[in-house]
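Engineer: heads up, no residue letters with this:
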(Lines give C-alpha, C1' and ligand atoms only; values in the text may rest on other atoms or scores of the structure.)
Protein backbone atom coordinates (compact mmCIF):
# COMPACT_ATOMS: atom_id res chain seq x y z
CA UNK A 1 0.00 0.00 0.00
CA UNK A 2 2.84 2.43 0.81
CA UNK A 3 4.44 1.79 -2.58
CA UNK A 4 1.08 2.31 -4.26
CA UNK A 5 0.64 5.68 -2.49
CA UNK A 6 4.10 6.81 -3.54
CA UNK A 7 3.58 5.62 -7.11
CA UNK A 8 0.23 7.41 -7.46
CA UNK A 9 1.52 10.71 -6.10
CA UNK A 10 4.85 10.92 -7.90
CA UNK A 11 3.21 12.43 -11.01
CA UNK A 12 -0.24 13.53 -9.88
CA UNK A 13 -0.03 17.16 -10.98
CA UNK A 14 0.70 18.55 -7.51
CA UNK A 15 4.48 18.57 -7.89
CA UNK A 16 4.96 15.10 -6.47
CA UNK A 17 4.88 13.94 -2.87
CA UNK A 18 5.61 17.29 -1.26
CA UNK A 19 2.94 19.10 -3.27
CA UNK A 20 0.46 16.31 -2.65
CA UNK A 21 1.02 16.50 1.11
CA UNK A 22 0.71 20.30 1.11
CA UNK A 23 -2.56 20.05 -0.79
CA UNK A 24 -3.86 17.41 1.63
CA UNK A 25 -2.90 19.59 4.60
CA UNK A 26 -4.89 22.49 3.14
CA UNK A 27 -7.93 20.25 2.55
CA UNK A 28 -7.67 18.81 6.08
CA UNK A 29 -7.61 22.33 7.58
CA UNK A 30 -10.69 23.23 5.51
CA UNK A 31 -12.39 20.12 6.87
CA UNK A 32 -11.56 21.02 10.47
CA UNK A 33 -12.52 24.66 10.05
CA UNK A 34 -15.87 24.01 8.38
CA UNK A 35 -16.95 21.20 10.70
CA UNK A 36 -15.61 23.23 13.64
CA UNK A 37 -18.15 25.97 12.87
CA UNK A 38 -20.86 23.53 13.97
CA UNK A 39 -19.16 21.18 16.45
CA UNK A 40 -16.57 21.66 19.17
CA UNK A 41 -13.17 20.25 18.16
CA UNK A 42 -10.73 19.02 20.79
CA UNK A 43 -6.98 19.51 20.59
CA UNK A 44 -6.48 22.17 17.97
CA UNK A 45 -3.20 24.00 17.78
CA UNK A 46 -2.84 27.54 19.14
CA UNK A 47 -3.60 28.79 15.62
CA UNK A 48 -6.75 26.63 15.35
CA UNK A 49 -5.22 24.05 13.03
CA UNK A 50 -6.03 20.36 13.33
CA UNK A 51 -3.72 17.35 13.15
CA UNK A 52 -4.05 14.55 10.58
CA UNK A 53 -7.29 13.69 12.38
CA UNK A 54 -9.58 15.76 14.53
CA UNK A 55 -11.83 14.91 17.43
CA UNK A 56 -15.42 16.16 17.58
CA UNK A 57 -16.49 16.66 21.18
CA UNK A 58 -20.17 15.75 21.50
CA UNK A 59 -20.29 15.55 25.31
CA UNK A 60 -22.00 18.92 25.89
CA UNK A 61 -24.55 18.22 23.13
CA UNK A 62 -25.21 14.81 24.67
CA UNK A 63 -25.87 16.39 28.08
CA UNK A 64 -28.14 19.04 26.60
CA UNK A 65 -30.10 16.89 24.14
CA UNK A 66 -29.54 13.20 24.78
CA UNK A 67 -28.13 12.80 21.26
CA UNK A 68 -25.13 10.47 21.49
CA UNK A 69 -21.96 10.02 19.50
CA UNK A 70 -23.46 6.71 18.36
CA UNK A 71 -26.53 8.55 16.99
CA UNK A 72 -24.31 10.89 14.96
CA UNK A 73 -22.09 8.06 13.71
CA UNK A 74 -25.09 5.99 12.62
CA UNK A 75 -26.74 9.00 10.94
CA UNK A 76 -23.60 9.49 8.85
CA UNK A 77 -24.34 6.07 7.37
CA UNK A 78 -27.59 7.49 5.93
CA UNK A 79 -25.39 9.94 4.02
CA UNK A 80 -23.24 7.10 2.67
CA UNK A 81 -20.27 7.54 5.01
CA UNK A 82 -18.53 4.95 7.12
CA UNK A 83 -18.96 5.85 10.78
CA UNK A 84 -15.90 7.50 12.36
CA UNK A 85 -14.07 6.11 15.38
CA UNK A 86 -16.27 6.57 18.45
CA UNK A 87 -15.19 7.42 21.99
CA UNK A 88 -11.49 7.04 21.39
CA UNK A 89 -9.25 8.47 22.64
CA UNK A 90 -11.86 10.51 24.55
CA UNK A 91 -15.26 9.10 25.60
CA UNK A 92 -18.22 10.93 24.01
CA UNK A 93 -16.33 12.00 20.90
CA UNK A 94 -15.91 11.09 17.24
CA UNK A 95 -12.47 10.97 15.64
CA UNK A 96 -12.56 12.02 11.99
CA UNK A 97 -9.59 10.98 9.86
CA UNK A 98 -9.67 12.32 6.31
CA UNK A 99 -7.45 10.37 3.94
CA UNK A 100 -4.99 11.78 1.45
CA UNK A 101 -6.96 10.32 -1.43
CA UNK A 102 -10.29 11.97 -0.55
CA UNK A 103 -11.45 14.34 -3.22
CA UNK A 104 -12.59 17.85 -2.43
CA UNK A 105 -16.05 16.77 -3.58
CA UNK A 106 -16.19 14.00 -0.95
CA UNK A 107 -14.83 16.30 1.73
CA UNK A 108 -17.53 18.87 0.95
CA UNK A 109 -20.15 16.13 1.02
CA UNK A 110 -18.99 15.12 4.50
CA UNK A 111 -19.04 18.74 5.69
CA UNK A 112 -22.60 19.15 4.39
CA UNK A 113 -23.62 15.92 6.12
CA UNK A 114 -22.24 17.20 9.42
CA UNK A 115 -24.01 20.55 8.97
CA UNK A 116 -27.30 18.72 8.33
CA UNK A 117 -26.74 16.49 11.37
CA UNK A 118 -26.10 19.57 13.48
CA UNK A 119 -29.41 21.02 12.26
CA UNK A 120 -31.12 17.78 13.29
CA UNK A 121 -29.53 18.10 16.73
CA UNK A 122 -30.91 21.65 16.71
CA UNK A 123 -34.37 20.18 16.11
CA UNK A 124 -33.92 18.15 19.30
CA UNK A 125 -32.67 21.24 21.17
CA UNK A 126 -35.72 23.24 20.05
CA UNK A 127 -38.17 20.48 20.98
CA UNK A 128 -39.25 19.63 17.43
CA UNK A 129 -38.28 16.02 18.23
CA UNK A 130 -37.09 14.25 21.33
CA UNK A 131 -33.76 12.47 20.90
CA UNK A 132 -35.67 9.16 21.01
CA UNK A 133 -38.00 10.23 18.16
CA UNK A 134 -35.36 11.89 15.99
CA UNK A 135 -33.91 10.65 12.70
CA UNK A 136 -30.57 10.54 14.53
CA UNK A 137 -31.70 7.87 16.99
CA UNK A 138 -33.41 5.75 14.34
CA UNK A 139 -30.45 5.80 11.95
CA UNK A 140 -29.38 4.11 9.85
CA UNK A 141 -32.63 3.90 7.92
CA UNK A 142 -32.59 0.48 6.26
CA UNK A 143 -34.51 -0.24 3.06
CA UNK A 144 -36.94 -2.63 4.76
CA UNK A 145 -37.96 0.14 7.17
CA UNK A 146 -38.37 2.98 4.68
CA UNK A 147 -40.25 0.88 2.13
CA UNK A 148 -42.97 -0.33 4.49
CA UNK A 149 -46.44 0.94 3.73
CA UNK A 150 -46.90 2.31 7.24
CA UNK A 151 -44.65 5.18 8.33
CA UNK A 152 -45.01 5.98 12.00
CA UNK A 153 -42.07 8.29 12.59
CA UNK A 154 -42.47 11.97 13.48
CA UNK A 155 -40.18 13.01 10.59
CA UNK A 156 -40.76 12.37 6.92
CA UNK A 157 -39.69 9.30 5.02
CA UNK A 158 -37.81 11.65 2.69
CA UNK A 159 -35.82 13.08 5.60
CA UNK A 160 -34.86 9.52 6.56
CA UNK A 161 -33.88 8.42 3.04
CA UNK A 162 -32.49 11.66 1.60
CA UNK A 163 -31.13 13.57 4.58
CA UNK A 164 -28.99 15.88 2.47
CA UNK A 165 -31.98 17.12 0.46
CA UNK A 166 -33.36 18.87 3.52
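Structural biologist: Arrived safely, thanks for sending. Since this is a predicted model, take the numbers as computed values, not measurements. Numbering: from 1, shown residues only.
Engineer: for the chain, which segments count as strands?
Structural biologist: Counting by DSSP state E, the chain has strands at residues 40-42, 54-57, 85-86, 93-96.
Engineer: quick test: name the residue nearest the centre of the protein.
Structural biologist: residue 114 (4.7 Å; Cα atoms, centre = their mean).
Engineer: report pLDDT for it.
Structural biologist: Confidence at residue 114, expressed as pLDDT, is 97.
Engineer: residues touching it, list them.
Structural biologist: Counting by Cβ atoms under 8 Å, 6 or more residues apart in numbering, residue 114 touches 35, 38-39. Quick note: C-beta positions are derived from backbone N, CA and C, even for glycine.
Engineer: tell me where the model's unsure across this protein.
Structural biologist: Residues of the chain that meet the criterion pLDDT under 70 lie in 1-21, 23-24, 165-166.
Engineer: make a markdown table from the strands of the chain and add distance to residue 119 to it.
Structural biologist: Output for these, formatted as a markdown table (distance: least, Cβ to Cβ, whole Å):
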| stretch | distance to residue 119 |
| --- | --- |
| strand 40-42 | 16 |
| strand 54-57 | 15 |
| strand 85-86 | 21 |
| strand 93-96 | 17 |
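Engineer: dump these to TSV, plus distance to residue 160 and mean neighbour count.
Structural biologist: Putting the strands of the chain into TSV (distance: least, Cβ to Cβ, whole Å; neighbours: other Cβ atoms under 10 Å) gives the following:
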stretch	distance to residue 160	mean neighbour count
strand 40-42	27	15
strand 54-57	23	22
strand 85-86	22	16
strand 93-96	21	21
